[in-house]
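# Starting from these lines, generate the structure:
(one chain, ligands or ions: 1)
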Amino acid sequence: MPHKIKEQRIECPHCGHHIRVALDASAGDQDYYDECPACCREMHLNLHIDEYRQKIQLAVASDDE
Ligand SMILES: [Zn+2]
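Model (predicted):
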């Protein structure tokens, strides 16, 4: 499988800051946390690879509740 890095723009769920993230589609589904460079709060990123449609689905949540 070729190494696929796709860049996607996301919005911080806390402050609305736009961030560019590099997604590695060859690594499969991922669930991780990243820190917003603007407000320094944690974002929960959930990456799902749809192999059938060759698409990357990225969900960003604040995990605040
Ligand atoms: Zn932020």
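# quick one, what contacts Gly28?
Residues in contact with Gly28 (CB atoms under 8 Å, 6 or more residues apart in numbering) are Ile49. Using the backbone N, CA and C atoms, a C-beta is placed for each residue, glycine as well.
# right, I mislabeled it, should have said Cys15
So Cys15 contacts Cys36, Ala38, Cys39, Arg41 (CB under 8 Å, 6+ apart).
# What sits closest to the second one if chain neighbours are left out?
Which is Ala38. Nearest residue to Ala38, sequence neighbours excluded (CB to CB, 6 or more residues apart in numbering): His17, at 3.7 Å.
# same deal with the last one?
Taking CB to CB, 6+ apart as the measure, Arg41 lies nearest to His14, with 4.7 Å between them; neighbours along the chain are not counted.
# So what's the residue count around the one you found?
Neighbour count for His14, taken as other CB atoms under 10 Å: 15.
# Which of the three states applies to Asp64?
Classification of Asp64 using DSSP: H, G, I helix; E, B strand; the rest coil returns coil.
# returning to that earlier point: now, which of the contacts of Cys15 lie close to the ion?
Applying CB under 5 Å from the ion to these, one finds that Cys36, Ala38, Cys39 fall near the ion.
# following the longest strand anywhere in the chain, which helix or strand shows up next?
Secondary structure of the chain per DSSP state E: the longest strand is strand 42-50. Where DSSP states H and E defines the elements, the next helix or strand beyond strand 42-50 is strand 55-61.
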